[in-house]
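Trainee: pasting the structure only:
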């Protein structure tokens, strides 16, 4: 007679979950071997496969996979013992984080680091800091208002960046069509912010009645229109040739004469100043009546309207604020780099900024800033550590891993983290990316 | 007459959901709209509260035309809407949900909150909890409480009994009566005709977008056709 325990004992050894996981680790090892191995070549299209898979160098990767498997499966229990300790430390630091003094001091220290550290790095990294990190951080903080606060999916966000950049070219007299006056790029800033804001309202007013996917498609279309216009209207924008010699910032006031010129550091400080101001303003906004209206709209638009929130007005406001931040970033970018081409404003960049926001933690200003900084810094760091052509493969892998293990982002806002947990528990959809408002609540 | 609805027509695209609906609600009444699925009950409430626009007809509240007033202004005028399916804000706390109900004014919301907590003591216990973690009955109470925070003169209730256990429904109906006795006029949409008619002063019966019957609630409750169609008492 076979008893139940006898059946259990007779279960084939290869059916054990633990053993089956060996396969996954070995497979991961082989993938890493392939990715880091030699690329393809024109003569032998299977070059990469032959030298990555069939060469002896794949063996250490397989062994590595086995070692990681052994460490996780056999040492895994030790890890669980550490876990409660980690939880205690983290929740303790969260409690301390809620004290305003601790927060102020931490932000102050971070600001000091952000000011002092770039003085001690090479010009290469200063360029990265001024041309990429600062610009993307500003863009991400702006898009966070639209997506993170109001829950509106905007896929044409980079169009406002283009409007800011081309406004700079126009008002400094670098376009084929001439402005009635030419200005120092500094003075273009308010004009560009205003222009981006107005275009945000013009786009938003007829389209913000739409929701979720529909709004995403319309904004995507708007982004394409702006891109095609910049690329094809040679008489107005110089087309795909691009605009060159956009002047740098300068100040000529009374006795003060200062020119920003070519070095990156002074530009970085201007951008940092704007980032600090914008972060402060937006965090005040988030905790105001306006912020509460945005939260209500994000959670359930119909209920928000029924409780007396003027939904169209507040959605328009979020859209316009995001657009003007993007326009500001456009001026900083155009004046720093000195030249713009339409290819800097394709859909790809709208999606990149969206990725930065999601990676950092939608709705959390600090998280979004950190996420944008990390994700723009990383490809530059990888440039010297891996084959530069392959660095975006790692970038993609990181984002995939992040979305599997930490979908709420690096530093999520507390409310957003709960939304993700609700969605995972199947209670409802995580909005911005297409909710049925209140769908989890009926029935 | 507090609310006057006259010959209102509403269409979703080409499909006419309301084909000339007229009815009145007097100050201090509880009026109920009955009807099967698709009769136009929810459409009627959503049109009154400005979420939908009528294609024709007029709606007036306290003598003032309101059929072109946007939804978010209705709270200011004194119309509170408890929407179908409750639609509370799931990741706001119970207290934050209530405060959203008083969004249009910033003053002394505490007194209103206290009044809501008196009606629904369970909400006081749960005031720090996320709305989405409440049970169905508690969410319904929260939705009603949120509407009361706007100090409505007229409360529109859309199927408050939906998906709730009979015992909870009885409790919620008791509270609706209490709200009414404190001076709020109630327009109640229900599929649960028996309980709605026992609570209401008058009732209207909607069928495919038209009012087919109207009378005092007690008379409707005794009417054979109503008993057959809505109270599940087969005449055969």
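Mentor: All right, it came through fine. All of these numbers come straight from a predicted model, not from anything done at the bench.
Trainee: so the residue most central in space within chain B bridges to which residues?
Mentor: Nearest residue to the geometric centre of chain B (Cα atoms, centre = their mean): residue B:157, 1.3 Å. Using DSSP bridges, the bridge partners assigned to residue B:157 are residue B:82, residue B:188.
Trainee: wait, doesn't it sit right on residue B:186?
Mentor: Yes. With contact defined as Cβ atoms under 8 Å, residue B:157 reaches residue B:186; the gap is 6.4 Å. Where C-beta positions appear, they are placed from N, C-alpha and C, glycine not excepted.
Trainee: name the residues contacting each of those two.
Mentor: Residues touching both residue B:157 and residue B:186 (Cβ atoms under 8 Å, 6 or more residues apart in numbering or on different chains): residue B:176.
Trainee: downstream of the helix or strand containing residue B:33, the next helix or strand is which one?
Mentor: With secondary structure defined by DSSP states H and E, residue B:33 is part of strand B:30-34. Once the chain leaves strand B:30-34, the next helix or strand it forms, by DSSP H and E, is helix B:41-48.
Trainee: tell me what the following helix or strand past that following helix is packed against?
Mentor: Toward the C-terminus, helix B:41-48 is succeeded by strand B:56-61 as the next helix or strand (DSSP H and E). Packing partners of strand B:56-61 (3 or more Cβ pairs under 8 Å, 6 or more residues apart in numbering or on different chains; DSSP states H and E): strand B:3-12, strand B:15-25.
Trainee: quickly find the element holding residue A:370.
Mentor: Applying DSSP H and E, one finds residue A:370 within helix A:365-382.
Trainee: which ones are touching the residue nearest to residue A:341 when sequence neighbours are not counted?
Mentor: For residue A:341, ignoring the flanking residues on the chain, the nearest one in space by Cβ to Cβ, 6 or more residues apart in numbering or on different chains is residue A:242 at 3.4 Å. The contact partners of residue A:242, by Cβ under 8 Å, 6+ apart, come to A:339-342.
Trainee: quick one, grab the pLDDT at residue A:242.
Mentor: You'll see residue A:242 listed with a pLDDT of 92.
Trainee: give me the contact list for the helix or strand containing residue A:231.
Mentor: Assigned by DSSP H and E, residue A:231 falls within helix A:212-232. The contact list for helix A:212-232, computed with Cβ under 8 Å, 6+ apart, reads A:152-159, A:162-163, A:166, A:203, A:207-208, A:210, A:236-237, A:239-240, A:342, A:345-347, A:350, A:433-435.
Trainee: can you say which of those are buried?
Mentor: Among these, those buried by neighbour count (16 or more other Cβ atoms under 10 Å in any protein chain shown) are A:152-159, A:162-163, A:166, A:203, A:207-208, A:237, A:239, A:342, A:345-346, A:350, A:433, A:435.
Trainee: which positions in chain B make contact with chain A?
Mentor: Where chain B comes near chain A, counting by Cβ under 8 Å from any Cβ of the partner chain, the residues are B:49-51, B:70-76, B:81, B:83-92, B:96, B:99-101, B:103-104, B:106, B:130, B:132, B:139, B:146-147, B:150, B:162-163.
Trainee: repeat the analysis, applying 7 Å as the threshold.
Mentor: B:49, B:51, B:71-72, B:75-76, B:81, B:83, B:85-92, B:100-101, B:103-104, B:130, B:132, B:139, B:146, B:150, B:163 (Cβ under 7 Å from any Cβ of the partner chain).
Trainee: and the helix or strand containing residue A:31, what's buried?
Mentor: Taking DSSP H and E as the definition, residue A:31 sits inside helix A:17-36. Buried residues in helix A:17-36, counted by 16+ other Cβ under 10 Å: A:22, A:25-26, A:28-30, A:32-35.
Trainee: interface residues of the stretch 251-400 of chain A facing chain B?
Mentor: A:292, A:295-296, A:299-300, A:302-303, A:305-311.
Trainee: in helices only, show me these.
Mentor: A:292, A:295-296, A:299, A:302-303, A:305-306, A:311 (DSSP state H).
Trainee: just checking, next helix/strand downstream of the helix holding residue A:370?
Mentor: As assigned by DSSP H and E, the chain's next helix or strand after helix A:365-382 is helix A:391-405.
Trainee: quick one: contacts of that next one?
Mentor: Outside of helix A:391-405, the residues within contact range by Cβ atoms under 7 Å, 6 or more residues apart in numbering or on different chains are A:35, A:355, A:359, A:378-379, A:382-383, A:386.
Trainee: how is chain A carved up into domains?
Mentor: Under automatic domain parsing, the residue ranges defining each domain of chain A are A:2-93, A:109-424.
Trainee: lowest average pLDDT across the ones you listed?
Mentor: Here the lowest mean pLDDT among those goes to domain A:2-93, at a mean of 71.
Trainee: show me what counts as buried in the helix of greatest length in chain B.
Mentor: Counting by DSSP H, the longest helix found in chain B is helix B:166-181. Of all the residues in helix B:166-181, those buried under the rule 16+ other Cβ under 10 Å are B:168-169, B:171-173, B:175-176, B:179-180.
Trainee: any chance of the residues of the stretch 251-400 of chain A next to chain B in JSON lines, plus neighbour count and distance to residue B:64?
Mentor: Formatted as JSON lines, these follow (neighbours: other Cβ atoms under 10 Å in any protein chain shown; distance: Cβ to Cβ, whole Å):
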{"residue": "A:292", "neighbour count": "20", "distance to residue B:64": "29"}
{"residue": "A:295", "neighbour count": "22", "distance to residue B:64": "32"}
{"residue": "A:296", "neighbour count": "24", "distance to residue B:64": "27"}
{"residue": "A:299", "neighbour count": "27", "distance to residue B:64": "31"}
{"residue": "A:300", "neighbour count": "28", "distance to residue B:64": "28"}
{"residue": "A:302", "neighbour count": "19", "distance to residue B:64": "24"}
{"residue": "A:303", "neighbour count": "28", "distance to residue B:64": "25"}
{"residue": "A:305", "neighbour count": "25", "distance to residue B:64": "20"}
{"residue": "A:306", "neighbour count": "31", "distance to residue B:64": "19"}
{"residue": "A:307", "neighbour count": "31", "distance to residue B:64": "21"}
{"residue": "A:308", "neighbour count": "24", "distance to residue B:64": "17"}
{"residue": "A:309", "neighbour count": "26", "distance to residue B:64": "22"}
{"residue": "A:310", "neighbour count": "19", "distance to residue B:64": "20"}
{"residue": "A:311", "neighbour count": "22", "distance to residue B:64": "23"}
